[in-house]
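J.: fold the stuff below for me.
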Amino acid sequence: MASSHLGTDAVPNTVDTLPHLPPGFTDTFTSRIVDIDGIAVHAVVGGDGPPLLLLPAWPEFWYGWRLVMPALAEHFTVIAADHRGVGASDKPATGYDSGTIADELAELMATLGHDRYSVAGYDLGMMTGYALAAKYRERVTRLAVAEAILPGISPSPPLIADATTNEVLWHFAFNRLSDINERMVTGREEIYFGHQFASKAATPDAIPPHVVDVYVDAVRDPAALRASFEFYRADNAPLLTAWQKEGPLEIPVLAIGAELSVGASVEHVMREVATDVTGLVIPGSGHFVTEEAPDAMATALLDFFR
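T.: From the prediction side, this is the model:
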């Protein structure tokens, strides 16, 4: 069961608590918190038109979409969600597998009054977006994904990879560790997460320091830090491969990669799970496409969803 309420006063990482939003942002968007089986789930909602659900990347939360949301809100009712474990939502001890998150997102959208909707997600949001579309096929009408892999479906690199590949992918193994990662990162969040932004963007300074600070501050909370690793510790491969065996997605899918990151590999993996896939590579961008190339992302999403 779920219920909607507006009690966002003094809740960190809601619209009214964060700096450096685009001009007029708070005139269009407000924070909503929905109680889903005792878990407070936050979303930023605004705009007018068909519903469009935006799913966050790791190690970000809804704020990662802020530069794209105003353009989308001119044509859609935008719902930028913080599922469990990120942003202003609760950080419970368990439930970080893609199936549980898909259930939570479906309930969030139903509570907000949306039975059918489009979905866009990048990085972690690519996996959760696919999970939602595969598990709730009658609800998701179009899906855009970017800059990630699908565990169990994407090919795995060798354990001892070349230096460039290792620099990009080493955090996958580190994040899956059971305890030592939290102990090593606690009190050093700016080193670990700051390195993620510096090393995976097109250039080390592509993401401004004041933006990195927002994301780093959000994971200083021990529950948020633990949750950031729980997404990787969850055994998602059996879930995703089971959905793949149920049959490919038949809805239109937009698969986006960044030129200076994973490129066309997103299109390749989505063709393993969907029949109607359009590929796109964003020139000049590193991994964090909504931060580094917000205009290109907005254009791509508007062209696809309209």
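
J.: check contacts around N236.
T.: D97, S98, M127, A131, P151, G152 (C-beta atoms under 8 Å, 6 or more residues apart in numbering). C-beta here means a position set from N, CA and C on the backbone, and glycine is covered the same way.

J.: rerun that using 6 Å as the cut-off
T.: D97, S98, P151 (C-beta atoms under 6 Å, 6 or more residues apart in numbering).

J.: for A133, same thing?
T.: Counting by C-beta under 6 Å, 6+ apart, A133 has contacts V140, L143, L249.

J.: change it to 8 Å
T.: V119, V140, L143, L249, I251 are the contacts of A133 under C-beta under 8 Å, 6+ apart.

J.: W58 - how many residues pack around it?
T.: The number of residues packed near W58 is 24, by other C-beta atoms under 10 Å.

J.: any idea how many residues pack against the closest residue to it other than its chain neighbours?
T.: In space, and not counting its chain neighbours, W58 is closest to L124: 4.2 Å by C-beta to C-beta, 6 or more residues apart in numbering. When neighbours are defined as other C-beta under 10 Å, L124 has 24 of them.

J.: pretty sure L124 contacts A57?
T.: Yes. Look at L124 against A57 with C-beta atoms under 8 Å: they come within range, at 5.6 Å.

J.: what about the strands in the stretch 101-250 of the chain?
T.: 117-122, 140-146, 249-258 (DSSP state E, counting those that start in this stretch).

J.: next, the buried residues of the last one.
T.: If you call a residue buried by 16 or more other C-beta atoms under 10 Å, then strand 249-258 has these buried ones: L249, I251, P252, V253, L254, A255, I256, G257, A258.

J.: gap between the fifth one and R142?
T.: Yep, that's L254 we're talking about. Going from L254 to R142 by C-beta to C-beta, to the nearest Å gives 8 Å.

J.: touching both of the two, which residues are there?
T.: F304.

J.: shouldn't F197 be in contact with P208?
T.: No. With contact defined as C-beta under 8 Å, F197 and P208 do not form a contacting pair (9.8 Å).

J.: what about these two, which has more around it?
T.: F197 (24 against 12).

J.: excluding chain neighbours, what is closest to that one?
T.: I207 (4.6 Å).

J.: is it true that the one you found touches T290?
T.: No. Using C-beta under 8 Å, I207 makes no contact with T290, being 10.6 Å away.

J.: between the two, which one's more packed in?
T.: Set I207 next to T290 and count neighbours by other C-beta under 10 Å: T290 wins out with 28 against 21.

J.: would you mind measuring from that one to F61?
T.: For T290, the distance to F61 - C-beta to C-beta - is 12 Å.

J.: what do you get for A218?
T.: 6 Å.

J.: now the common contact residues for the two.
T.: In contact with both A218 and F61: N13, V86, G87, using C-beta under 8 Å, 6+ apart.

J.: now stretch 21-41: buried residues?
T.: For stretch 21-41, the neighbour count (16+ other C-beta under 10 Å) marks 21, 25, 28-29, 31-36, 39-41 as buried.

J.: and which of these is nearest E182?
T.: I39 (21.4 Å; C-beta to C-beta).

J.: okay, now the closest residue to R139 other than its chain neighbours: neighbour count?
T.: Of all residues not flanking R139 in the chain, R116 sits nearest, at 5.5 Å (C-beta to C-beta, 6+ apart). Counted by other C-beta under 10 Å, the residues lying close to R116 total 12.
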